[in-house]
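K.L.:
Predicted model follows, preceded by the sequence.
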Amino acid sequence: MLQAGTRIADRYELTQPIGSGGMGQVWAGYDERLDRPVAVKFLKPGLVNEADRHAVADRFRREARVTARLDHPGVPTVHDTGVFGDELFIVMQLVPGTLLSYLMDETGPLPVPWVAAIGAQICSVLAAAHAASLVHRDLKPNNLILGPGGLVKVLDFGVAAVLDADMPRLTVTGDLLGTPTYMAPEQALGMSSVGPRADLYALGCILFELLAGNPPYQADNPLGMLHHHLEAPIPHPADGRDDVPSQLDDLVVALLAKDPLKRPESAAAVYARLLQWAAGDVPAGQRGVAPGGADPTSPYRFPFGPLPRDTAPTTRPQNAASGPSSVPSLDELQDVRDQALALADDERFGQAADALATMLRYVAPIYGQRSPEVLEARLDYAGMLVLAGDYRTALPVIEQLITDLRARYGPDHELIRECRQQVATCQAELGEATEALRTLRSLAADDPGPASYPLRHQVALIEGGRGHFREALEVLDSLLRDMQAQPGSEPSDIEDVQAVRDHLSRVALAGGR
């Protein structure tokens, strides 16, 4: 049975379930070898009969290889695939963002430019997939994520297409393969030639729902839904709102054609027709409706623009981490701190930071941000972020820690000095040289003795790194004098500083400075 802590392929540790459906279950996990978060998708054993399992396993691996070769920004990267017990699994990039199904539930109909931009991005993915002879077969809002910068990701390639065309549309447990609300008529009938136009039909259903606020057809059961797909008149998304361009209404209706040959010829053709609205202006009252302010028109209005700094590592909002079912105790907090230290011993700093962050979200409101136990855990968290090289996240965390440590222990506590040194490290690594120098010089002035020597050395390195050789040499000359005069100074430390001084001097002379 899958549970948190289960290790897959002696490499991937499962942390929490983040989704499930008719095809299987998805877990968030960690790649222990590369210290990165991943998503692990498991295919339900009951999807196929035992006699077909070997063929399905081969097809699953083949589809995973094809997906891995897609190399499209709208498709999560595939890292690995294999078998765990009797379950096939695929390891892929853990995508931050909001499921389109959640966004639709929260907002209702979306602005026309948003609908066009989301549809165009999906078409871009489908065009690449169809060119590689890969058909999704289960395109739906629950397989689409709106991520940072407005980028749309299409999930679950290589899973819905595992079964051969002549295999039954029902699983051995009696479940229908695929999602009836978005299923093309030919797919519902179990036709042997379910091709790219089945994905275009599903896209039409999605675009209709984005515009109208509800799917094109509704029924009380799957068979009733399939009957509508086969027999019901095609509805118009423009019937419920007056701002839908007639050409867009016509496009959605064409995508919903019962006969695959009457649908647009390709995803690329649909992309070209959607593009005219994808960069349109959104009315002020409709902006920022997605969590985090993600805007799917951004890739068309600001191509290659920088992504927002803060992104949540989850595929569902408000599900960044599954917390404890009861109020966690301070002993449990200590257990997590111990686990984080053990992870750090294995150089899994990112996973350690995530474990601490998850627990802190629950204990800090209960015991207080400035309680001694919580402060210690926050210090651990900040340290793990620095060790993981996540300086952008670490900097504000440490700056807030300094404020809270001062309030708790006073301005002269040693932990504050350690945090200020971490601030300087983050500033330097982020290229904020002026701020880093200011922090380091302030620290050195507070204690001009031997404790200042590493700080002054770092000042010289930063000054030299930005071409201020004279300032760097002045700092190093002063540092060498103090170290040579200080009883107990290690000769090797003095030699290291002298070597840096000699190198910078040669560089300065070569540059005529």
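P.N.:
That came through fine.
K.L.:
Please make it C-alpha for all contacts and neighbour counts, starting now.
P.N.:
Fine.
K.L.:
shaky segments in this protein?
P.N.:
The chain contains residues with pLDDT under 70 at 21-23, 45-53, 56, 63, 158-178, 191-193, 283-293, 307-327, 511-513.
K.L.:
Next, name the residue at the spatial heart of it.
P.N.:
Geometric centre of the chain, nearest residue: Pro96, 2.8 Å, by CA atoms, centre = their mean.
K.L.:
Which parts of the stretch 51-200 of the chain are helices?
P.N.:
Here the stretch 51-200 of the chain has its helices, by DSSP state H, counting those that start in this stretch, at 53-68, 100-107, 112-131, 185-188, 196-212.
K.L.:
so can I have TSV of the ones you listed showing mean neighbour count and distance to Phe349?
P.N.:
TSV is the format used below for the helices of the stretch 51-200 of the chain (neighbours: other CA atoms under 10 Å; distance: least, CA to CA, whole Å):
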stretch	mean neighbour count	distance to Phe349
helix 53-68	18	27
helix 100-107	16	31
helix 112-131	23	34
helix 185-188	21	46
helix 196-212	26	40
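K.L.:
before we move on, the earlier item: and the residue nearest to the centre of the chain, how close does it get to Ala28?
P.N.:
11 Å (CA to CA, to the nearest Å).
K.L.:
again, but for Leu395
P.N.:
Taken as CA to CA, the span from Leu395 to Ala28 is 26 Å.
K.L.:
repeat for Ser505
P.N.:
Distance from Ser505 to Ala28, by CA to CA: 52 Å.
K.L.:
repeat for Val497
P.N.:
46 Å.
K.L.:
before we move on, what about Gly119?
P.N.:
27 Å.
K.L.:
which residues of the stretch 1-150 of the chain fall in strands?
P.N.:
7-8, 12-20, 24-31, 36-43, 78-84, 87-93, 98-99, 144-146 (DSSP state E, counting those that start in this stretch).
K.L.:
okay, those strands in TSV with distance to Arg441 and mean neighbour count next?
P.N.:
Shown next, in TSV, are these (distance: least, CA to CA, whole Å; neighbours: other CA atoms under 10 Å):
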stretch	distance to Arg441	mean neighbour count
strand 7-8	47	19
strand 12-20	43	20
strand 24-31	39	22
strand 36-43	35	24
strand 78-84	45	17
strand 87-93	42	21
strand 98-99	44	23
strand 144-146	44	24
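K.L.:
Out of these, the one nearest Val374 is which?
P.N.:
strand 12-20 (22.5 Å; CA to CA).
K.L.:
Off-centre distance for the closest one?
P.N.:
Centre-to-centre, strand 12-20 and its host chain are 14 Å apart (CA atoms, centre = their mean, to the nearest Å).
K.L.:
got the angle between that strand and strand 36-43?
P.N.:
With axes from the mean of the first three to the mean of the last three CA atoms, to 10 degrees defining the directions, strand 12-20 sits at 60 degrees from strand 36-43.
K.L.:
tell me what strand 12-20 is packed against?
P.N.:
strand 7-8, strand 24-31 (3 or more CA pairs under 8 Å, 6 or more residues apart in numbering; DSSP states H and E).
K.L.:
how about JSON lines for those strands, with distance to Leu144 added?
P.N.:
Formatted as JSON lines, the helices and strands packed on strand 12-20 follow (distance: least, CA to CA, whole Å):
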{"stretch": "strand 7-8", "distance to Leu144": "26"}
{"stretch": "strand 24-31", "distance to Leu144": "14"}
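K.L.:
Tell me which of those approaches Trp114 most closely.
P.N.:
So among the helices and strands packed on strand 12-20, strand 24-31 is nearest, using CA to CA, at 27.7 Å.
K.L.:
Pull the distance from the closest one to the chain's centre.
P.N.:
13 Å.
K.L.:
Contacts for it, please.
P.N.:
11-20, 36-44, 94, 351 (CA atoms under 8 Å, 6 or more residues apart in numbering).
K.L.:
thought Lys44 was touching Glu87?
P.N.:
Yes. Taking contacts as CA atoms under 8 Å, Lys44 lies within contact range of Glu87: 6.4 Å.
K.L.:
what's the burial count for Ser478?
P.N.:
A total of 11 residues lie near Ser478 under the criterion other CA atoms under 10 Å.
K.L.:
do the same with the one 4 residues further on
P.N.:
For Asp482, the number of neighbouring residues by other CA under 10 Å comes to 16.
K.L.:
That one is in what secondary structure piece?
P.N.:
helix 469-485 (DSSP states H and E).
K.L.:
Could you do Ile366 as well?
P.N.:
Counting by DSSP H and E, the element that carries Ile366 is helix 349-367.
K.L.:
Okay, buried residues for that helix please.
P.N.:
Buried residues in helix 349-367, counted by 16 or more other CA atoms under 10 Å: 349-360, 362-364.
K.L.:
chain center to the helix or strand just after it: distance?
P.N.:
Next in sequence after helix 349-367, counting helices and strands by DSSP H and E, comes helix 372-387. Helix 372-387 has its C-alpha centroid displaced from the chain centroid by 23 Å (CA atoms, centre = their mean).
K.L.:
Same question for stretch 137-153.
P.N.:
Worked out by CA atoms, centre = their mean, stretch 137-153 lies 12 Å from the chain centre.
K.L.:
same question, stretch 468-488
P.N.:
Counting by CA atoms, centre = their mean, stretch 468-488 comes out at 46 Å from the chain centroid.
K.L.:
Please verify my assumption that Met104 contacts Leu210.
P.N.:
Yes. Shown here, Met104 and Leu210 form a contact pair, counting by CA under 8 Å, at 7.0 Å.
K.L.:
Give me the common contacts of these two.
P.N.:
Joint contacts of Met104 and Leu210 (CA under 8 Å, 6+ apart) are Leu110.
K.L.:
Dump stretch 180-193 to CSV, restricted to CA.
P.N.:
Output of stretch 180-193 as CSV, limited to C-alpha atoms (Å, rounded to 0.1, in the frame of the first residue of the first chain):
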residue,chain,number,x,y,z
PRO,A,180,-17.3,11.2,-20.3
THR,A,181,-17.8,14.9,-20.1
TYR,A,182,-15.0,15.6,-22.6
MET,A,183,-15.1,12.3,-24.6
ALA,A,184,-15.3,12.4,-28.4
PRO,A,185,-18.2,10.3,-29.9
GLU,A,186,-15.8,8.0,-31.7
GLN,A,187,-13.9,7.4,-28.5
ALA,A,188,-17.1,6.7,-26.6
LEU,A,189,-18.1,4.1,-29.3
GLY,A,190,-14.7,2.3,-28.9
MET,A,191,-13.8,2.9,-32.5
SER,A,192,-10.3,1.5,-33.4
SER,A,193,-9.2,4.8,-35.0
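K.L.:
contact partners of that stretch?
P.N.:
137-140, 165-166, 168-169, 194, 198-199, 201-203, 205-206, 215, 217-218, 222, 225-226, 229-230, 258, 260.
K.L.:
Any buried residues in it, and which?
P.N.:
Pro180, Thr181, Tyr182, Met183, Ala184, Pro185, Glu186, Gln187, Ala188.
K.L.:
Would you check which pair of these lies furthest apart?
P.N.:
Thr181 and Glu186, at 13.7 Å, using CA to CA across the buried residues of stretch 180-193.
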